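> Could you look at this predicted model? Sequence included:
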Amino acid sequence: MLENLRLAFRGIWTHKLRSFLTMLGIIIGIAAIIAIVSTIEGTNQQIKQNLIGSGSNTVDIQLYQNDWPMDLSYNEPPYGVSRISNDVLKEIRSLDEVQSASKYNNRQIYDGVYYQNASMNGGYVKGVETDFFSTANLTVKKGRLFTDDECKNFKKFCVIDEAIAEDLLQNEEPLGKVLEIGGDSYVIIGVVETRSTFQPTINTLADYETYMQDESGTIYIPITDWPISYRYDEPENVLIRAVSTDDMTAAGKKTADIINAAISPTDDTIKYQSKDLLEQAQQLQQLSSSTNSMLIWIAAISLLVGGIGVMNIMLVSVTERTAEIGLKKAIGARKGKIMGQFLTEAAVLTSMGGVLGVACGIGLAQIISIMSGTPVAISWPAAIVAVAFSMVIGIVFGILPSHQAANLNPIDALRSN
């Protein structure tokens, strides 16, 4: 085997230009595939991060009627849907896929939130438990959070995020200011921000709308104060943090199943569902991948052309080395030995083309990223598979020339010299 490799490299080096031109089809094909796969991988990661963020792994389980979240701003709570008990919450937290869970009430702000003479129109008010902030990946930027004792004693404190501080308070010092929420006064005791510094890549209007839904601002009040400002016995939603991003789908569905098993709505169209951002990301990724799969097949055609070129040059090589083959067979070389030599040379030739193709593909992907702004992510498994596949092409297209060399008549081969 080592002798075959040595002969293969010597043959390639002896005919450098011819070998390079033979490898060119393989190089172009592999480079095109690596560039396309890297672009697809980068786009998929961007889709996933734009929807999910960077490692937050949170899933919302909300009350739906048919396929739409129920808006309790104008509708009465559905009959038969009870509040989520601590036993149900304990069962949710015991799931292997769930790291933490917290229930909350939610209301989109259309009116009813004021600071002095300014009205908040847009954003959300959430009635939350104290552990909601850690589950939602929120940390204190200024001030503090309300405590369990303050919740139990119905203290009218609130925590706001940066968007509320900027839009409603016009960047005034927020701590100690009073907001009117649902006709009741709440003192701001803290400002929160997300722990992640992730910023989504926004290339389209859809990206912008998805991002802005999460940037419209939220006010957090104790969940115990929710009936005072809004409504008694209003069913809650649940926010969970999955152990990993890949567990989000399973965690959301299992949580929804647990809650639905504990409630008995009279309307079969009403049930809890998970807002599965991971599933949305996967659907968009599949659309992106299917759109680009045709480009991969087109690029693969050049590999076929490269394989034909390898077969052609190996046939030429067999013709040039007829006398050498005849001499080897005359001194006892078997057919398998001759075939192995030429198959090794073909495999080495295409493998070198594969390695050069991967290098060119990585460079091409970076150029595409710089010129078009499209994100790329180099897929090393794809690069390894590409090199292995190029070796397979060499073996497949080298079979005919190798078979022809192995079956030469040694007398005719020596006579041809």
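That came through fine.
> Who are the contact partners of the residue nearest to residue 395 when sequence neighbours are not counted?
Spatial nearest neighbour of residue 395, excluding adjacent residues (Cβ to Cβ, 6 or more residues apart in numbering): residue 347 at 5.2 Å. Just so you know, the C-beta spots here come from the backbone N, C-alpha and C atoms, and that holds for glycine as well. By Cβ atoms under 8 Å, 6 or more residues apart in numbering, the contact list for residue 347 reads 8, 391, 394-395, 398.
> Kindly recompute the last result at 7 Å.
By Cβ atoms under 7 Å, 6 or more residues apart in numbering, the residues touching residue 347 are 391, 394-395, 398.
> cool, and residue 70?
63-64.
> number of nearby residues for residue 311?
20 (other Cβ atoms under 10 Å).
> Show the contacting residues for it.
397-398, 400-401.
> low pLDDT regions in the stretch 101-250 of the chain?
195-216 (pLDDT under 70).
> circling back: can you classify the residue nearest to residue 395 as helix, strand or coil?
helix (DSSP: H, G, I helix; E, B strand; the rest coil).
> Just the strands from the stretch 251-400 of the chain, written as ranges.
270-275 (DSSP state E, counting those that start in this stretch).
> what does the stretch 101-250 of the chain give?
113-115, 118-119, 124-128, 138-143, 157-161, 178-181, 184-194, 218-222, 237-242.
> and the fifth one, what other elements does it pack with?
Pointing back at strand 157-161 there. For strand 157-161, the elements it packs on are strand 184-194, strand 218-222, judged by 3 or more Cβ pairs under 7 Å, 6 or more residues apart in numbering; DSSP states H and E.
> ok now stretch 29-36, how far from the chain's centre?
Relative to its parent chain, stretch 29-36 has a centroid offset of 21 Å by Cα atoms, centre = their mean, to the nearest Å.
> for stretch 392-408, that is, sorry about that
On Cα atoms, centre = their mean, the centre of stretch 392-408 falls 42 Å from the chain's centre.
> Kindly state the pLDDT recorded for residue 23?
The pLDDT attached to residue 23 in the predicted structure is 83.
> Could you double-check that it lies in contact with residue 353?
Yes - if you go by Cβ atoms under 7 Å, residue 23 and residue 353 touch, sitting 3.4 Å apart.
> And these two? Which one has more around it.
For residue 23 and residue 353, the more surrounded residue by other Cβ under 10 Å is residue 353, and the numbers stand at 31 against 27.
> ok, that one touching residue 29?
No - using Cβ under 7 Å, residue 353 is not in contact with residue 29, being 8.7 Å away.
> Can you check which residues contact both of those two?
Counting by Cβ under 7 Å, 6+ apart, the residues touching both residue 353 and residue 29 are residue 306.
> Go ahead and confirm residue 61 touches residue 271.
No - using Cβ under 7 Å, residue 61 makes no contact with residue 271, being 10.4 Å away.
> which of these two has more neighbours?
The neighbour count for residue 61 versus residue 271, taken as other Cβ under 10 Å, is higher for residue 61 (29 against 18).
> Identify the bridge partners of the more buried one.
residue 238, residue 274 (DSSP bridges).
> Who are the contact partners of it?
237-238, 240, 252, 255-256, 259, 272, 274.
> In contact with the closest residue to residue 165 other than its chain neighbours: list those residues for me.
Leaving aside its chain neighbours, residue 165 sits nearest to residue 174 (5.0 Å; criterion: Cβ to Cβ, 6+ apart). Residues in contact with residue 174 (Cβ under 7 Å, 6+ apart) are 160, 165, 188, 191.
> Repeat the analysis, applying 6 Å as the threshold.
By Cβ atoms under 6 Å, 6 or more residues apart in numbering, residue 174 lies in contact with 165, 188, 191.
> what do you get for residue 167?
residue 217.
> Then residue 12?
So residue 12 contacts residue 19 (Cβ under 6 Å, 6+ apart).
> try 7 Å this time
19, 348-349.
> Compare these and tell me which has the most neighbours.
residue 349 (31 neighbours).
> Lowest-confidence entry in the contacts of residue 347?
residue 398 (77).
> Just give me the neighbour total for it.
Counted with other Cβ under 10 Å, the neighbours of residue 398 add up to 26.
> Pull the contacting residues for it.
So residue 398 contacts 310-311, 314, 342-343, 346-347 (Cβ under 7 Å, 6+ apart).
> Kindly report the same for residue 382.
Contacts of residue 382 by Cβ under 7 Å, 6+ apart are 34, 37.
> switch to 8 Å and redo it
Neighbours of residue 382 in contact, by Cβ under 8 Å, 6+ apart: 33-34, 37-38, 41.
> If you go by neighbour count, which of those are buried?
In the contacts of residue 382, burial by neighbour count holds for 33-34, 37-38, 41, counting by 16 or more other Cβ atoms under 10 Å.
> ok, so of the residues you listed, who is nearest residue 101?
residue 41 (32.2 Å; Cβ to Cβ).
> Would you mind pointing out the helix or strand that closest one falls in?
Using DSSP states H and E, residue 41 falls within helix 16-52.
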